[in-house]
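Trainee: Give me a 3D structure for the following:
(one chain, ligands or ions: 1)
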Amino acid sequence: MRFLKGHGTGNDFVILPDAPELTPSLVAALCDRRFGIGGDGVLRVARSSLPGVDWFMDYWNSDGSLAEMCGNGARVFARYLESAGLAAGTVPIETRAGVVRAVIGEQTISVDMGLPKVYGESTATVTGRVYEGTAVDCGNPHLVCPLPDGVSLSSLDLDRPPAYDHDFYPAGVNVEFYEPVAPAHVRMRVYERGSAETLSCGTGAVAVATVARGAASSVTVDVPGGRVQVHFPPDTVWLEGPAVLVAAGETTIAG
Ligand SMILES: N[C@@H](CCC[C@H](N)C(=O)O)C(=O)O
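Mentor: Below is the predicted model of the structure:
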């Protein structure tokens, strides 16, 4: 089976341009960092049946679970389409959360993420300490926790999943922690549903920027794997950042 490997600020994906339907065990085997190719998730390139939309991003988390949306994945998916000569300029991409538009640039790819929904308050617990947070829906569920004074981002132990309220988040949640760097500039870490701690999360960056922006029209979000920008024009939100392909080959891994 043909594959490519790509990443957006270190959030890395196995891209399958011509795979048939996937199974959770095949996805987990491909994403295994020791016995497989390694990745935070899989992007299967599929055809969309929607009018005016050619491509469906069939996104899977590394544990074999499905997610509705992946912001960095959409940017890497668009980079693949461009490199394969399948798209240029602006390309609509169907996801399980709806259609997003990607604008392909030389250095960065921007995705029109639509408007996130802020829908309540909840908490996450890390090594016995409770962090208050805001629930944000970016197509997928997020809990955005500002760090209180005296707690640094680097001190958080995210080797284990943060505990969260399963009644509030019955389908699980991606948990972000952030601290300010400067006005309209924050630094974050994320523990992703289905993928553990990752070096970046595009929907997570949008969720954090939505909570932290104040009146800013753009927010710079530093993630462990680099930097993305989140822009807030009227009526939508854009995620912008680098997206690169780093390898291509054939795999014999089978589910
Ligand atoms: N890394 C992604 C989000 C991937 C899906 C997430 N783990 C979930 O289960 O919702 C991004 O860049 O948005």
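
Trainee: The chain against the ligand: which residues are in contact?
Mentor: 11, 61, 67, 70-73, 140, 174, 192-195, 198, 201-203 (Cβ under 6 Å from any ligand atom). From N, CA and C alone the C-beta is placed, and that goes for glycine too.

Trainee: how far away is the closest residue to Ala216 other than its chain neighbours from Ala215?
Mentor: Once flanking residues are discounted, Ala216 sits nearest to Ala184: 3.8 Å by Cβ to Cβ, 6 or more residues apart in numbering. According to Cβ to Cβ, to the nearest Å, Ala184 stands 9 Å off from Ala215.

Trainee: Which one of the two is surrounded by more residues?
Mentor: Shown here are Ala184 and Ala215; by other Cβ atoms under 10 Å, Ala184 has more neighbours (19 against 7).

Trainee: The more buried one against Val219, yeah?
Mentor: Yes. Counting by Cβ atoms under 8 Å, Val219 is a contact partner of Ala184 at 5.2 Å.

Trainee: Which residues are in contact with each of those two?
Mentor: Counting by Cβ atoms under 8 Å, 6 or more residues apart in numbering, the common neighbours of Ala184 and Val219 are Arg213.

Trainee: For the closest residue to Gly249 other than its chain neighbours, the count of nearby residues, please.
Mentor: Distances taken as Cβ to Cβ, 6+ apart put Phe3 closest to Gly249, at 6.3 Å, once the chain neighbours are dropped. For Phe3, the tally of surrounding residues (other Cβ under 10 Å) stands at 21.

Trainee: what about Phe3, distance to Ile253?
Mentor: 9 Å.

Trainee: Quick check: neighbours shared by these two?
Mentor: Counting by Cβ under 8 Å, 6+ apart, the shared contacts of Phe3 and Ile253 are Leu30, Ile37.

Trainee: related to what we said a few turns ago, quick one: contacts for the residue nearest to Ala216?
Mentor: Residues near Ala184 by Cβ under 8 Å, 6+ apart: Arg213, Gly214, Ala216, Ser218, Val219, Thr220.

Trainee: quick one: what helix or strand has the last one in it?
Mentor: To tie it back to what came earlier, the one meant is Thr220. When secondary structure is defined by DSSP states H and E, Thr220 falls within strand 218-223.
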